[in-house]
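Engineer: Just to be clear, the model below is a prediction. Sequence and coordinates:
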Amino acid sequence: MWPSTCSKKVRICLAEKHLDWESRAIQADDKVEEHLEPWFVELNPNAVVPVLDHNGNIIVESCVILEYLEDVYPGMRLRPADPVARSQMRYWLDRSESVLHKNINVLSHNRLMARFLGQLSLEEKLARAARPPRIGARTERLRRYEHGVSAEEEELAEAILAECLDDMERLLAGQPWLAGEEYSLADIAMVPFFQRFEVNQLDGLVDWARRPAVGDWYARICERPAYDEGMALAEAQ
Ligand SMILES: N[C@@H](CCC(=O)N[C@@H](CS)C(=O)NCC(=O)O)C(=O)O
């Protein structure tokens, strides 16, 4: 799952902190779903990537991993000292998960998954839907495999994302980074989703004439060497 957006957050952070790390790529395609294998579920009962193994300590959830890395390797500071800025950082960490990830997931289904699911028989689809260990993931798979994602659901997801980007625009018109004056984990957690907007051709979300401050913020992050390294653009495409 090299192109996984949640893993990109973690890789950008590792690159910013110049940490050495070893990649363990998880295979996920139409035949194999290695993240659903018992050995992986043992590591992460949610059966999703990324997972960090640090000296045998297993850390899951991308935003939790970001804060863990900051706790253990505070050298290149990515969490503001000021409590107000820090609370702002955590607000955007939450947005990255509860708004960006949640809704890009809805919008990716028809664009990425539906084509490949169309090649499976009903039996194969039902078997695939029953695989995840969590009931929520099984139910969601089944619902999507049976009914797909409707145009209304897509419209709502895009509108929710646009609303969140409007909030970013207002904020970034008055400060350089999401948590204030310092580049932080908040920027790292949000930025990989913008590549997903581009890849999914969600033009309204990457129209910088409409949101110039967000466009400027995105360009400033793209210029950082850690962005290219973390996104691993060549490998992901
Ligand atoms: N909240 C989790 C979400 C992780 C997640 O959904 N990862 C995706 C890739 S970005 C995944 O493993 N998907 C596999 C699946 O849902 O079966 C995090 O931020 O770590």
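Structural biologist: The structure has been received and is ready for your questions.
Engineer: Now do Arg138 against Ala129, distance only.
Structural biologist: Relative to Ala129, Arg138 is positioned 6 Å away (CB to CB, to the nearest Å). C-betas here are computed from N, CA, C, even on glycine.
Engineer: Compare these two (neighbour count), which wins?
Structural biologist: Of the pair Arg138 and Ala129, Ala129 is the one with more neighbours under other CB atoms under 10 Å, namely 18 against 14.
Engineer: Give me the pLDDT for that one.
Structural biologist: Ala129 carries a pLDDT value of 96.
Engineer: Quick check: it vs Glu153, distance?
Structural biologist: 18 Å.
Engineer: Let me see the mean pLDDT of the helix or strand containing Leu156.
Structural biologist: Assigned by DSSP states H and E, Leu156 belongs to helix 151-172. On average, the pLDDT along helix 151-172 is 98.
Engineer: Which SSE is immediately downstream of that helix?
Structural biologist: Next element after helix 151-172 (DSSP H and E): helix 185-190.
Engineer: So which elements touch that next one?
Structural biologist: When contacts are defined as 3 or more CB pairs under 8 Å, 6 or more residues apart in numbering; DSSP states H and E, helix 185-190 packs onto helix 5-16, helix 62-72, helix 83-95.
Engineer: same thing but 10 Å
Structural biologist: Judged by 3 or more CB pairs under 10 Å, 6 or more residues apart in numbering; DSSP states H and E, helix 185-190 is in contact with helix 5-16, helix 62-72, helix 83-95, helix 151-172, helix 212-222, helix 225-231.
Engineer: For the helix holding Leu156, name the packing helices and strands.
Structural biologist: Checked by 3+ CB pairs under 10 Å, 6+ apart, helix 151-172 has helix 83-95, helix 102-108, helix 185-190, helix 192-199, helix 212-222 packed alongside it.
Engineer: The nearest residue to Met168 once chain neighbours are set aside: neighbour count?
Structural biologist: Here the nearest residue to Met168 in space, its sequence neighbours aside, is Val214; by CB to CB, 6 or more residues apart in numbering that works out to 5.2 Å. For Val214, the neighbour count with other CB under 10 Å is 24.
Engineer: on that earlier part again, of the helices and strands packed on helix 151-172, flag the one that's most buried.
Structural biologist: Using mean count of other CB atoms under 10 Å, the stretch among the helices and strands packed on helix 151-172 with the largest mean neighbour count is helix 185-190, at a mean of 28.
Engineer: can you give me the mean pLDDT across it?
Structural biologist: The average pLDDT within helix 185-190 is 98.
Engineer: near the ligand, anything from stretch 59-69?
Structural biologist: Yes - part of stretch 59-69 sits close enough to the ligand to count as contact by CB under 6 Å from any ligand atom, namely 61-62.
Engineer: Next, the buried residues of that stretch.
Structural biologist: For stretch 59-69, burial by neighbour count (16 or more other CB atoms under 10 Å) applies to 59-63, 65-69.
Engineer: what's the farthest-apart pair in these?
Structural biologist: Across the buried residues of stretch 59-69, the longest distance by CB to CB is 13.2 Å; it joins Val60 and Leu69.
Engineer: which residues do these two both contact?
Structural biologist: Common neighbours of Val60 and Leu69, using CB atoms under 10 Å, 6 or more residues apart in numbering, are Leu52.
Engineer: give me the element the residue in the chain sticking out farthest from the centre is part of.
Structural biologist: No residue in the chain sits farther from the centre than Glu123, which is 30.5 Å out by CA atoms, centre = their mean. Assessed by DSSP H and E, Glu123 sits inside helix 122-129.
Engineer: Now do that helix: which elements does it pack against?
Structural biologist: Using 3+ CB pairs under 10 Å, 6+ apart, helix 122-129 sits against helix 114-117, helix 135-147.
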